[in-house]
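**Q** pasting the sequence and the predicted model now:
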There are 2 protein chains.
Amino acid sequence: MTMTSLFDFHKIKITDTFFGDYQRLTREVVIPYQWDAINDRITDAEPSHALRNFRIAAGLEEGEFYGMVFQDSDVTKWLEAVAWSLSQYPDAALEATADAVIDLLEQAQWEDGYLNTWYTVKEPGQRWTNLAENHELYCAGHLFEAAVAYYLVTGKQKIIDISCRFADHIDSVFGRNSGQIKGYPGHPEIELALLKLYEVTANRRYLDLATYFIDERGTTPHFYESEYEKRGFTWRSVTNGPGWMFKDKAYSQAHAPLKEQQEATGHAVRFAYLLTGAAHLAHLKQDDARYQVCRRLWDSMVQRQMYITGGIGSQARGEAFSCNYDLPSDTAYTETCASIAVMMFARRMLECEGDAEYADVMERALYNTVLGGMSLDGRHFFYVNPLETAPVAIRHNHKYEHVKPVRQRWFGCACCPPNIARTLSGIGQYIYTVHPETLFINLFVGNTWTHQIDGQPLTLTLEGHYPTQDKIAITVDCPKEITHTLAVRIPGWCDNAVVKVNGDPVNHAPIKGYLHLHRCWKAGDIIEMQLPMSVRPVYAHPQVRQLAGKVALQRGPLVYCLEEADNGCDLHNLWLDERLPFTLISGTGLMQGKTLIQASGVRLRALSDDTGSLYQFDQPATEGESVALTFIPWYAWANRGEGEMRIWVNSQRYQ
Amino acid sequence: MTMTSLFDFHKIKITDTFFGDYQRLTREVVIPYQWDAINDRITDAEPSHALRNFRIAAGLEEGEFYGMVFQDSDVTKWLEAVAWSLSQYPDAALEATADAVIDLLEQAQWEDGYLNTWYTVKEPGQRWTNLAENHELYCAGHLFEAAVAYYLVTGKQKIIDISCRFADHIDSVFGRNSGQIKGYPGHPEIELALLKLYEVTANRRYLDLATYFIDERGTTPHFYESEYEKRGFTWRSVTNGPGWMFKDKAYSQAHAPLKEQQEATGHAVRFAYLLTGAAHLAHLKQDDARYQVCRRLWDSMVQRQMYITGGIGSQARGEAFSCNYDLPSDTAYTETCASIAVMMFARRMLECEGDAEYADVMERALYNTVLGGMSLDGRHFFYVNPLETAPVAIRHNHKYEHVKPVRQRWFGCACCPPNIARTLSGIGQYIYTVHPETLFINLFVGNTWTHQIDGQPLTLTLEGHYPTQDKIAITVDCPKEITHTLAVRIPGWCDNAVVKVNGDPVNHAPIKGYLHLHRCWKAGDIIEMQLPMSVRPVYAHPQVRQLAGKVALQRGPLVYCLEEADNGCDLHNLWLDERLPFTLISGTGLMQGKTLIQASGVRLRALSDDTGSLYQFDQPATEGESVALTFIPWYAWANRGEGEMRIWVNSQRYQ
């Protein structure tokens, strides 16, 4: 049986106040802003040139290529964001703009289907010669993702046709047959995208090609080595400069076949994109062995290498994992795109198995790092998301050179901003998971959706004020009664959830974190959930060196932090007594509408000037000054200018 | 009045058990080992080629230059170590070897006095074209230092003659006259060396040339820029690669004239070498304005940027200072050479003013980072000296790429090993400071020395078992009675020192940390000092972000640390209760002869396997398991294989 994951998710209407705001921001600010960016109309940001590259490739303009080898993907990620936005807010002008971009893509496409501006303009004749380091297949993947979204939302076929021509070309170039390149991309992405393209086209060759790319990866003799030699290099010329990917194959998860890999390693985005494809494939093929490989690597990522913010990538070099339990807060990399990739990976794992751990992690990544990647004004972005900062140290100590104290307008490597836009405008894809007998409800994002069960429509309307308030109502509408299981997630952070169906408490236990409600559903049925959001202190595994003696606060899915704006400087001298009660307060100013936490603590060593001895034998005061500590949701940090921030604070419980 | 700092320090006989062992090790192991190293006879170490470069430059061998641009200095630092060793242990064979090296230097010297193998062999014709980045003047400085030491100890003139020919040549090349290069070295060193050469030759031109180099530095129009343009570069070609020194002038303390500089900044060794010269010059010229500049920069270094180990340089990039109170333990650079430079700087400041703070810092650097730079077997060296390590993280997280978990045999950039050797064998230079009316006794290193006061000999014999035991005796011998002040240092770490002269307690107060004993000294007088060495918890300034809630232990001048070898892994889960008594125990095995500290603490979270959730809401146990913590002197860490280490441990006082 071949499964599918296509269930009209693009028809979900988001009604959520929280994400509604983000979708409005995406529509009114982010998409127009990024349109200006890829058209080089933003004066104080790094140039993009992304659309000019396409016009040059199409022969419409003279000029040279400018930008990263993956610059094309900024355009297709923008297109995908537009598609998802159109699914919520039809906008004829925006759609016409997108159509024109698609026309441009078509004009830049070669006769044989090939489409990439770097290799058309900058390195013609060098197609497919450096898959390890460059990004042709990666850019193809983002084209396919945009195509699928745009087609589903608008019904327009052209971008699918462009994509299929390119995919067919790729399928002819790569494979195990004589004359084909026996290779795969240095940056996974096309795998997950081919599987999407397969799902809308039902062209099995795309499924097979994705399978090929996933299974060929890391086999010996090693593709990177033969490709490297073909480019005229020898092993002796490999240094830390050119060719380093050949030495460090784990950077791109190509050090061994995926089925033999035991740990999440290397570049975090590459890892999670690859695993998103692998998990999707496991689902489509209903292949448990493939699923177990994904599960093992998921566990490695989540149980031993993930930040409390849902971020992955402990180090800047290689934007990569480091080792188990190495989770420094201040030098963390935790790229925004990596957490988006975590959501994608989680979504595919949920299709394989209804285990709420996946949804818990998806939610953790979404409400913390993904949201935190964008400023509240929608115009500034973090690529790197530290869990602790002190701006003066960022400026002076080179180990923080990847860290910015506040969000930036645009990046030379601009992968994150459009990735956030497509994720927020396409959030509907993550809410539900369809299994044959069960409809899983993963996220509590307000929405209305009509799902077909055995040919019968079942409309669900989810309402609430998540993540601020703890009540959720899911109402059912259906012309005919439908017997089916609705499985609602009981979040991992919630110990005392109450679920009622039509007012009657449900008393049976959840299975793998989902409360399975099997009944004959009829119009007007209502599932009421109460998910009490107490403030919960969080402690890290004892092997996490950096977090000994520290505590973080979480409420609902939101991780909180201290900021200098509320608590003064020298946050390292604050000790939280998490045994004392917490008070919820309403934010003001830029924190308007957000729930803040006030807690009790002490400032153990007085705010000091820079006099006094650097080291002293005198015992410092341990009583300290009692202070009220104010925590804000971490995703909203650095919206009030530069200042210190920290998630993990000293705990008074450790004595 | 022109002062001098030359007082027959080379005639001091070290009788100290502690440093006697180190001097024996230097003589028997380090000097022969480094001789093998610079002759490329050590199979499993990086090649040196240093002596071959000289033979090639001298025309005695065919071949190409190999090594760093400052490779020559490995030979002259070795020569200086030999000189100081000969001052303690005459060794005809070693002296003959050194003489042969000096002959070789002479053969490699040009007619006009120039001497540098890089610019003789590798870049002939390019002399003095890249002072900013390269090290001709730096190497000249190390030659002069070796020359002064070798001449003082052996009385042989040849290396002084070589040095003077080179110094005269340099003096003709550099200066403010027409046709001269109006420049100065990118790496200070020649300034302090020219002042030494001035002191043994009384050639005032060397004093003037050192003054010129110090005063010209950082003036505008900027020498680096004009030199850079002369080399054919333009400002547009400056990137992070070649020419970066021109952008980051503070790296080499050339961003402003020294007298305008307010903070210790840039490359730590460069800074402290420059200041050593500047302080020496202040002393020689009796120039208080120059001294106050040095004092201001000393304070910046010591009061806001120095590690408890006497290390400086908080970051690997640029081997440099970062900013005030940024003192990370794990990513610290704290190069061994930088702490040697701190000792040199301190020594020169003591000549300017008898303030024991300088000696306290000199002692801190010596007994901790300088000693710690070498293994107990004398064959392995640290270039970088972290205050905390976890080997698994070092291997996986690139921010630790400069850190080694154990000492290495030799380095491609081999500045530290010979620098340690010359410092340990020449330790006599740091014990005393001579002021006109007062003889200051800075370090409690056992020795005998005869000093001339107004033409009368005064012999002092210092005995004790410092830093292990707390009693020191200084006996006086003199054929005639001498009225003079002997000022003994009361260490900053000692609150309750007892000093007696001929059995009578001295009750007056110290002045700037020295107890001034003015009397008519006669043969048989004895100064007895008791410097009780209790174990003292140390706390850092509240602005040191990384050390909040942490405590270190110090006994006498020695900073202690926890090692995995004694305390198991996961040192971050140990909490010290420094309010409970400490027990001194004798080390065994490789720790034989060392005083260890046992302290009380708890292991708050059990040693765990790698199961269990990465984050949990459950409150961890806070009672923990009571454990005895064993601290060893930090300088002796990493002599028992790889393992975790930390100086700053969690304190139970913080709650």
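**A** Thanks, I have the structure now. Numbers count the residues shown, from 1 in each chain, chains lettered A, B, ... in the order given.

**Q** low pLDDT regions in chain A?
**A** A:1-3, A:234-244, A:410-415, A:605-611, A:620-623, A:654-655 (pLDDT under 70).

**Q** contact partners for A:Ala338?
**A** Counting by CB atoms under 8 Å, 6 or more residues apart in numbering or on different chains, A:Ala338 makes contact with A:268-269, A:272, A:311-313, A:319, A:369. For the C-beta atoms, the positions are set from N, CA and C on the backbone; glycine is no exception.

**Q** so it versus A:Phe271, what's the distance?
**A** 8 Å (CB to CB, to the nearest Å).

**Q** between the two, what contacts are shared?
**A** Shared contacts of A:Ala338 and A:Phe271, defined by CB under 8 Å, 6+ apart, comprise A:Ile312.

**Q** which one is A:Ala393 nearest to, not counting chain neighbours?
**A** B:Asp326 (5.0 Å; CB to CB, 6 or more residues apart in numbering or on different chains).

**Q** any idea how far A:Trp634 is from the one you found?
**A** B:Asp326 is 23 Å from A:Trp634, by CB to CB.

**Q** which residues of the stretch 351-500 of chain A lie near chain B?
**A** A:390, A:392-393, A:395-399, A:401, A:493, A:495 (CB under 8 Å from any CB of the partner chain).

**Q** again, only using 7 Å
**A** Listed as neighbours of chain B in the stretch 351-500 of chain A under the rule CB under 7 Å from any CB of the partner chain: A:390, A:392-393, A:396-399.

**Q** just those residues now: which is nearest A:Glu260?
**A** Nearest to A:Glu260 among these, counting by CB to CB, is A:Lys399 at 33.6 Å.

**Q** give the contact list for A:Ile597.
**A** A:535, A:553, A:555, A:560, A:582, A:584, A:631 (CB atoms under 7 Å, 6 or more residues apart in numbering or on different chains).

**Q** please apply the same query to A:Tyr560.
**A** Applying CB under 7 Å, 6+ apart, the residues contacting A:Tyr560 are A:553-554, A:597, A:631-634.

**Q** nearest residue to it in space, please, no chain neighbours.
**A** A:Phe631 is the one closest to A:Tyr560 (CB to CB, 6+ apart), at 3.8 Å.

**Q** repeat that for A:Leu517.
**A** A:Leu486 (4.8 Å).

**Q** can I get the contacts of A:Ala338 in JSON lines with distance to A:His572 and secondary structure?
**A** Formatted as JSON lines, the contacts of A:Ala338 follow (distance: CB to CB, whole Å; DSSP: H, G, I helix; E, B strand; the rest coil):
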{"residue": "A:Ala268", "distance to A:His572": "27", "secondary structure": "helix"}
{"residue": "A:Val269", "distance to A:His572": "31", "secondary structure": "helix"}
{"residue": "A:Ala272", "distance to A:His572": "32", "secondary structure": "helix"}
{"residue": "A:Gly311", "distance to A:His572": "21", "secondary structure": "coil"}
{"residue": "A:Ile312", "distance to A:His572": "25", "secondary structure": "strand"}
{"residue": "A:Gly313", "distance to A:His572": "24", "secondary structure": "coil"}
{"residue": "A:Glu319", "distance to A:His572": "27", "secondary structure": "helix"}
{"residue": "A:Thr369", "distance to A:His572": "23", "secondary structure": "helix"}
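
**Q** now the two most distant members of the residues you listed.
**A** Across these (CB to CB), the longest gap, 13.7 Å, separates A:Glu319 and A:Thr369.

**Q** which of the two has more neighbours?
**A** A:Thr369 (30 against 22; other CB atoms under 10 Å in any protein chain shown).

**Q** any idea how far A:Leu558 is from that one?
**A** In terms of CB to CB, A:Thr369 sits 12 Å off from A:Leu558.

**Q** please apply the same query to A:Leu207.
**A** In terms of CB to CB, A:Leu207 sits 39 Å off from A:Leu558.

**Q** these two: who's more crowded?
**A** More crowded of A:Leu207 and A:Leu558, by other CB under 10 Å: A:Leu558, with 25 against 21.

**Q** for the nearest residue to that one once chain neighbours are set aside, give the beta-bridge partners.
**A** Leaving aside its sequence neighbours, A:Leu558 sits nearest to A:Pro633 (CB to CB, 6+ apart; 4.5 Å). Judged by DSSP bridges, the bridge partners of A:Pro633 are A:Tyr560.

**Q** okay, now A:Pro633: neighbour count?
**A** 26.

**Q** and if you look at A:Gln107?
**A** Going by other CB under 10 Å, the residues that sit close to A:Gln107 add up to 13.

**Q** is it true that it touches A:Ala57?
**A** No. If you go by CB atoms under 7 Å, A:Gln107 and A:Ala57 don't touch, sitting 8.3 Å apart.

**Q** so what's A:His396 up against?
**A** Per CB under 7 Å, 6+ apart, neighbours of A:His396: B:322-323, B:326.

**Q** mind redoing it with 8 Å?
**A** Per CB under 8 Å, 6+ apart, neighbours of A:His396: B:315, B:322-323, B:326.

**Q** what's the answer for A:Arg295, then?
**A** Here A:Arg295 is in contact with A:Met349 (criterion: CB under 8 Å, 6+ apart).

**Q** where does it fall, phi/psi-wise?
**A** phi -60, psi -40 (degrees, to the nearest 10).

**Q** how close does it sit to A:Met301?
**A** Counting by CB to CB, the gap from A:Arg295 to A:Met301 is 11 Å.
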